[in-house]
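Chemist: Okay, predicted coordinates and the sequence, questions at the end:
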Amino acid sequence: MVVLGLILLIIGLIANIPILTTIGAILLVVGLILNLVPVGGTRRRVY
């Protein structure tokens, strides 16, 4: 999710498309929050 957000953010900035920039920023922030906050327990699970 972080990578997709970063790609959309870069494409939105290069192509000057504000909706892609907004969606990319939202995905980037949500992806970082989900990576930092343990969901479903205190132990991180590696699959």
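Modeler: Here it is on my side, so go on. Residues are numbered from 1 along each chain as shown.

Chemist: wait, what's in contact with the closest residue in space to I19 that isn't next to it in sequence?
Modeler: Among residues not flanking I19 along the chain, G12 sits closest, at 7.3 Å (Cβ to Cβ, 6 or more residues apart in numbering). For every residue, glycine as well, the C-beta is placed using N, CA and C. Contact analysis of G12 by Cβ atoms under 8 Å, 6 or more residues apart in numbering lists 18-24.

Chemist: now I23
Modeler: Shown in contact with I23 (Cβ under 8 Å, 6+ apart): 5, 8, 12.

Chemist: Identify the single longest helix in the chain, thanks.
Modeler: Identified as the longest helix of the chain according to DSSP state H is helix 18-36.

Chemist: For G24, the count of nearby residues, please.
Modeler: 21 (other Cβ atoms under 10 Å).

Chemist: wait, I meant A15
Modeler: Neighbour number of A15 under other Cβ under 10 Å is 9.

Chemist: Once you drop chain neighbours, what's closest to the residue most central in space within the chain?
Modeler: Among the residues of the chain, the one closest to the centroid is L28, at 2.2 Å (Cα atoms, centre = their mean). Among residues not flanking L28 along the chain, G5 sits closest, at 3.4 Å (Cβ to Cβ, 6+ apart).
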